[in-house]
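> dropping a prediction and its sequence here:
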2 protein chains.
Amino acid sequence: MSKMESAGESIHCKTGQNSIVQPLLTDLYQVTMAYAYWKTGKIDGHAVFDLYFRKNPFNGEFTVFAGLEECLKFLEKFRYSESDIEYLQQVLPKSVEKGFYDYLRTLTADQINLYSIKEGTVVFPRVPLIRIEGPLVMAQLLETTLLNLVNYASLMATNAARYRLAAGKLKLYEFGLRRAQGPDGGLSASKYSYIGGFDGTSNVLAGKLFNIPVKGTHAHAYITSFNSIDELKATLLAPKDGGAPCDFLQSSISWREKIASIFNILLSEVSDGEFAAFVSFAMAFPNGFMALVDTYDVKRSGLLNFCAVALALHDFGYQALGIRLDSGDLAYLSRVARSYFEKISSRYSIPYFSDLNIMASNDINEETIISLNEQGHCIDSFGIGTHLVTCQKQPALGCVYKLVELDGEPRIKLSHDMAKVTIPGKKNVFRLYGNAFSLIDLLQRSDEAPPVENEKVLCRHPFEESKRAYVIPSKVEDLLLLQWNKGRIVRPMPNLQDIKENVNNSLKILRPDIKRSLNPTPYKVSVSDSLYQFLHKLWLENAPIGELS
Amino acid sequence: MSKMESAGESIHCKTGQNSIVQPLLTDLYQVTMAYAYWKTGKIDGHAVFDLYFRKNPFNGEFTVFAGLEECLKFLEKFRYSESDIEYLQQVLPKSVEKGFYDYLRTLTADQINLYSIKEGTVVFPRVPLIRIEGPLVMAQLLETTLLNLVNYASLMATNAARYRLAAGKLKLYEFGLRRAQGPDGGLSASKYSYIGGFDGTSNVLAGKLFNIPVKGTHAHAYITSFNSIDELKATLLAPKDGGAPCDFLQSSISWREKIASIFNILLSEVSDGEFAAFVSFAMAFPNGFMALVDTYDVKRSGLLNFCAVALALHDFGYQALGIRLDSGDLAYLSRVARSYFEKISSRYSIPYFSDLNIMASNDINEETIISLNEQGHCIDSFGIGTHLVTCQKQPALGCVYKLVELDGEPRIKLSHDMAKVTIPGKKNVFRLYGNAFSLIDLLQRSDEAPPVENEKVLCRHPFEESKRAYVIPSKVEDLLLLQWNKGRIVRPMPNLQDIKENVNNSLKILRPDIKRSLNPTPYKVSVSDSLYQFLHKLWLENAPIGELS
C-alpha cells in the first residue's frame, strides 16, 4: 500500500471510525470532575444518565434520532492513549496525583450499559434517546462526545426528513459540501440527509464511505471555459448501437438551426460557447447528458442549446437526462423548460423528451419547496446545499445529558424554567399505538410493570396536574433497547439503508397534523401516575422556599 | 506504539492533516467535468480561478480570512489512491475511457500556483482571497475542497472576532463542542475561534492538537451527585505552605456558619449536597477552585457555599479562582456575586476576594454581551457555546470559486443580479492605507503597474460609473502573495499564535465605524480604471440583448 493510499484510507482503517472521535474529544471539565470524583472516592457510584432534548427543532413537532452507530463505535474504542495521558498531565495542575493517571489508563466502557431508541426513529422532547448506566466517572466522561455525535446527526436527519415531507415524491440531492461546517460536517450532512430521506449526494467521499448514490453534472465554469464552436477538436461519436462514428457536432448544429425557428430565437442570440460546452459534455457522457442551462439566458440560449444536443444524441441512439436550473424564477423557468420539451416531443414524436428531468438547485430551502408547490412548477428534482447542511433555520439541536440516578437514589436538576427540570430516576419509555398512528409516549419508573395491549393506562402530563388521559393502546412498543453491554455491541448494527427505512416507517405512523410545516400539533409525551408523584415529591423536597423581601 | 495510541494519533500522524481532507472530498461534478475536459483535449488550458465571497456575514462589514494552512496541506497531499480510482470506476459510466483513470493517477498539485491573502487578514466582498493558476482540470478539481476549508474557517474566525470586539478586554472561552456540527466542526470551532480572538476552549483534543489553552471546572451533574455532607469520606487537606494536613471540611463548615448571618441566610435554605460538592472539588483543585453556583439557588445557596469554601481555602493558604453562572439574569446575579465578594473582602481583609472571577455561560451570543454591557454587570469572562460554534446568526459563508481567465482570455459569469457578476481576468489586489487606517482595497488587472505610495491613484466602484475617488496612499500593501509554487509551500507557515496576532493587528487598522455591530459603514473595494473599462466591455459583449414581447 502506497503512502498516499494509506492516507486516503486511514479514516476507516484501524479504528472503523473517524479518528478524531476519541476520549479527548471532550470538555476539560469532564476530566477535572473525574479527578474530583476519584479523589473523593466516588468513582464507582452506579450512575444513570439520560440523553434527551427539550424542544423539537425548526419550529416542528418531531425529531429524527440519529448518530447511535457512531456512539457505539466510540464506546468500543474508548481508551486513553499514552500521549493523551501525557497531554492531560501537562494541562491539569501539578497537584493531581499520579494514581489518577494510572486509573485513567485502565478506563474502558466495558462496565457501561447503553440503552437507546433505534436509530432513525421519530422522537420527542423529554424522552431519553439514550440511557447510560454504569460507574459514575466513566458515565460522566462520555457526556460531551455522545452529545456531539447525536446532536448534529439528529438535527441533520430531521432537517432532511422535513425536506422529504415538503418534496413528496420528487428527488432530493444533497449538494452542500462546499458550505458545510468543515470537512466532517460535509460528510455527516451527506450521511444523515440520506438517512432522513434524500436520494443521494454530490459528495464523492460520502458515496465511497457510506455507499450513498452520488450525483453531479457540471458547473458554470465548464460552460464559461468554452468560447466558440471552433474549440471542439474531436467531433466524432459512435452511435449507441455500434456502427461507425459520425460527426456529432454537425448533427447538433443542424438540429440547432432547425429548432431555433420553432422557439422564435435568432441564432445570433444564442451562446456558441455554451453550445460547444454542451456538445463536448454530451460526447463525454452520451448516456448521462444533463446540462446546466442558466449560464447566459435560459430561454434564449440554454434551453435551445440543450434541446439541439439532446436531439442529436437521440439520432445517435442515446437519451439525454435533462437540465439543471441554478438561478432565476425556478417555478416559471421550469414551466418554460417543460413546454420546450413537450413541443419537441410532439413535433418529432419522441415520447421521453417531454419527461426529461428538470433539476433546480439555487438556494433551496424547505419554504422554497412549499412555495414552489403552491405556485405550480415542473421540477423533478432538487439539489440542496447551504440550508440543508448547515441547518440554517436552526443550526443546533439542544440535546443534554443529565444525571437522573446515583446508587439507586434519584437526582433532579431544578430550574426556574419548568422545561429545564429533569425527570428524575431510571425510566423506561413506551410508545402506545392506536390503529393507524402512534398515540402517545409514556415514561415510567423502571420498576413499574409495562403497559399492556388493549388495557387502559393512565397517562399524565409531567407538569400540569389536570392534564391526564386514559389510553387503550392496540400496540405497545418498548423504545429503550439494550445496545451495549459488557463491552460489546449486543444487537446487529443496522446498515444505512435499514436506518433510512426506519425513518420512513417511523414517520408514517405519525399523524399528518404533527408533521405539517405550519403550526403542527404537538405529540404528547406523558408520565405514569407513579412517575408523576415521584417527580413532584422530589421537586418539592429539593426546591428552596423563596423569601420575598 | 499500542493499537489505541495509533488510533488516537492518526489524525496528524502520517498526513499532517485530518485524513478526510483528500481528493474525493469533492462534488462529483468536478470529476465529470474533468473527464469532459480530458475528452475534449482541454486538460492543460492555463486557468485562473478566484476564490472570494460576495457579502460579509452577520450583517457586518468585515470578514476574517482563515483556512489557508489547511488548503496548502490539501495541495501538498493531493493524489488519488488506488481505491479512490476503483471507486470512481464504479460510479462513473462504463463508457468512461481507461486512459482517464491513468491520467487521474498522475495528478498532483505540482503545476498549480496558489496566491493568497495572509491567513488572519480582514477581507471584504469581491476581493480574491485565493487565486489559483494552473492546468484547467487540476485547478477545477480543487474547487469544492478549498471552498469547504475556507468557508467555515473564515466564518468562525469572523464570528469570534465579533465576540471579541463586543467583549473588549473580558476573557472569552469557547465551550461549544457538544453543540457543534460534528466532531470536526467542534475542533475547527475551537481552532478558529482562538484565531479570531478567544482566550481558550473547553475542547481537550483541540488543546492537544493546536496548543490552545483549555479551561473547565465542573457541570451540574457533579453538584447533583452529592446529597449530603456525610458523603465526604476524606476531609484532610495539606496547607499550601506544607505542614500537617488539617480538616478542610470542618473549616468550611465553620466559615459557612459564620458568614450565613452576614447575608441573612438560614442554613436550612442552603443545599448541603452543593456544599459537599464544592468542598470535594476544592480539595481536588485547591489552587484552581472555580464553582458552578446556580444548581439550586445562586443567592441563597450557591454563593454562600462558594464563599465558605473559598474562605477555608484561604485559611489553608490557597486562593479560589471564582464562580460560574449558567442560568438566570446574568447581569443582576453577577452584581450580587460581586457584592458578596466585596463584603467578605472588606470584612475579613482579603483583598483578592473582591476580584474573584465571575464567569457567565448560558446561551451567550454577541447581542447578549452588548446588552449585558449596557445593563452593567460584573462578569469577567464568558463561556460561549452554541451561538459561537454553529454561527447561529448565519451558519454559512458563501465563498465561491470562479473561472476568470483561460489561456490568457478573460472569462465572465453574467447574472441578472449585479452582485453575482464575476470580475474577469487575472487580478492583483492592493490595500491602500491612510495614516491611521486602511482606506480602500483596489483590484487591478495583473499587467498594470501597482499603485505607488504618496502618489494619486484613481479608484472606481466596479459597477456604478459615477462613484470614483482619488486616493493618495501613505502605504500600499500587495495582498495576494505566492504561497504554493512547483509543488511546495514557499513561505514560512505562521503558527496559530502568529495568525491570531494578524487578526488582532488587521482589525486595528480598520476604522471603528466599519467594525461596529449596529449599522456599520461598508469598507470600499474598488477597481482601477483599466479594470473598470475591461469589465464593462466584456459584460456588454457577453450579455444577450433582451427582447420584450
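Alright, I've got the coordinates. On a predicted model such as this, the values are computed, not experimentally measured, just so you know. Numbers count the residues shown, from 1 in each chain, chains lettered A, B, ... in the order given.

> every contact and neighbour count from this point should use C-alpha atoms.
Noted.

> shouldn't A:L114 be within a strand?
Yes - the assignment for A:L114, made by DSSP: H, G, I helix; E, B strand; the rest coil, places it in a strand.

> surely it meets A:A139?
No - the pair A:L114 / A:A139 is not scored as a contact, 9.8 Å apart, by C-alpha atoms under 8 Å.

> what residues are shared contacts of the two?
Common neighbours of A:L114 and A:A139, counting by C-alpha atoms under 8 Å, 6 or more residues apart in numbering or on different chains, are A:I132, A:E133.

> what's the domain layout of chain A?
Here the domain parsing of chain A from automatic domain parsing is A:3-160+A:395-542, A:217-379.

> weakest of those domains in terms of mean pLDDT?
Least confidently modelled of those is domain A:3-160+A:395-542, at a mean of 92 by mean pLDDT.

> can you add distance to B:S517 and mean neighbour count and give the domains of chain A back as a markdown table?
Output for the domains of chain A, formatted as a markdown table (distance: least, C-alpha to C-alpha, whole Å; neighbours: other C-alpha atoms under 10 Å in any protein chain shown):
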| stretch | distance to B:S517 | mean neighbour count |
| --- | --- | --- |
| domain A:3-160+A:395-542 | 22 | 20 |
| domain A:217-379 | 27 | 19 |
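
> export these to JSON lines and tack on distance to B:G317?
Output for the domains of chain A, formatted as JSON lines (distance: least, C-alpha to C-alpha, whole Å):
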{"stretch": "domain A:3-160+A:395-542", "distance to B:G317": "15"}
{"stretch": "domain A:217-379", "distance to B:G317": "60"}
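
> could you dump these into JSON lines with distance to chain B added?
Below are those laid out as JSON lines (distance: least, C-alpha to the nearest C-alpha, whole Å):
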{"stretch": "domain A:3-160+A:395-542", "distance to chain B": "4"}
{"stretch": "domain A:217-379", "distance to chain B": "5"}
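
> nearest to A:Q181, of the ones you listed?
The closest of these to A:Q181 is domain A:3-160+A:395-542. By C-alpha to C-alpha, the value is 10.2 Å.

> tell me how far that closest one lies from the chain's centre.
Its chain's average C-alpha position is 18 Å from that of domain A:3-160+A:395-542, according to C-alpha atoms, centre = their mean, to the nearest Å.

> now do stretch A:209-225
On C-alpha atoms, centre = their mean, the centre of stretch A:209-225 falls 21 Å from that of its chain.

> ends of it, how far apart?
Separation of the first and last residues of stretch A:209-225 by C-alpha to C-alpha, to the nearest Å is 32 Å.

> before we move on, what about stretch A:112-125?
25 Å.

> show me the strands in the stretch 401-549 of chain A, by range?
Counting by DSSP state E, counting those that start in this stretch, the stretch 401-549 of chain A has strands at residues A:409-410, A:427-433, A:438-445, A:457-460, A:468-471, A:475-478, A:481-485, A:488-489, A:525-527.

> name the SS class of the closest residue to A:V503 other than its chain neighbours, please.
Spatial nearest neighbour of A:V503, chain neighbours left out: A:G120 (4.7 Å); criterion: C-alpha to C-alpha, 6 or more residues apart in numbering or on different chains. Here A:G120 is recorded as coil under three-state DSSP.

> A:G120 reaches A:V64, doesn't it?
Yes - the criterion here is C-alpha under 8 Å, and A:G120 meets it with A:V64 at 5.8 Å.

> which neighbours do those two share?
A:G196, A:V503.

> helices of the stretch 51-200 of chain A, start to end?
For the stretch 51-200 of chain A, the helices defined by DSSP state H, counting those that start in this stretch cover A:68-77, A:82-91, A:98-106, A:136-141, A:143-167, A:182-196.

> tell me what the shortest one is packed against?
Spelled out, that is helix A:136-141. helix A:28-39, strand A:46-52 (3 or more C-alpha pairs under 8 Å, 6 or more residues apart in numbering or on different chains; DSSP states H and E).

> show residues contacting the longest one.
Contacts to helix A:28-39, defined as C-alpha under 8 Å, 6+ apart, come from residues A:43, A:92, A:96, A:100, A:137, A:140-141, A:143, B:202-204, B:214-219, B:222, B:280-281, B:283-285.

> one more: the last one?
Strand A:46-52 is contacted by residues A:125-136, A:139, A:147, A:399-408, A:425-426 when judged by C-alpha under 8 Å, 6+ apart.

> stretch A:386-398 too?
A:53-58, A:151-152, A:154-156, A:159-160, A:174, A:176-177, A:179-181, A:185-186, A:189-190, A:363-365, B:179-181, B:386, B:390-392, B:394-396.

> next: stretch A:501-515.
Contacts for stretch A:501-515 (C-alpha under 8 Å, 6+ apart): A:60-62, A:64, A:119-122, A:195-197, A:436-438, A:520-523.

> cool, and stretch A:401-414?
A:45-52, A:136, A:143, A:147, A:420-426, A:538-539, A:542-543, B:220-221, B:224-225, B:295-296.

> at 7 Å what do you get?
A:45-52, A:143, A:421-426, A:543, B:221, B:224-225, B:295-296 (C-alpha atoms under 7 Å, 6 or more residues apart in numbering or on different chains).

> kindly check the end-to-end length of it for me.
14 Å.

> try stretch A:32-51
Start-to-end, stretch A:32-51 (C-alpha to C-alpha) is 21 Å.

> repeat that for stretch A:96-112.
Taking C-alpha to C-alpha, stretch A:96-112 runs 26 Å from one end to the other.

> same check on stretch A:222-238?
Start-to-end, stretch A:222-238 (C-alpha to C-alpha) is 23 Å.
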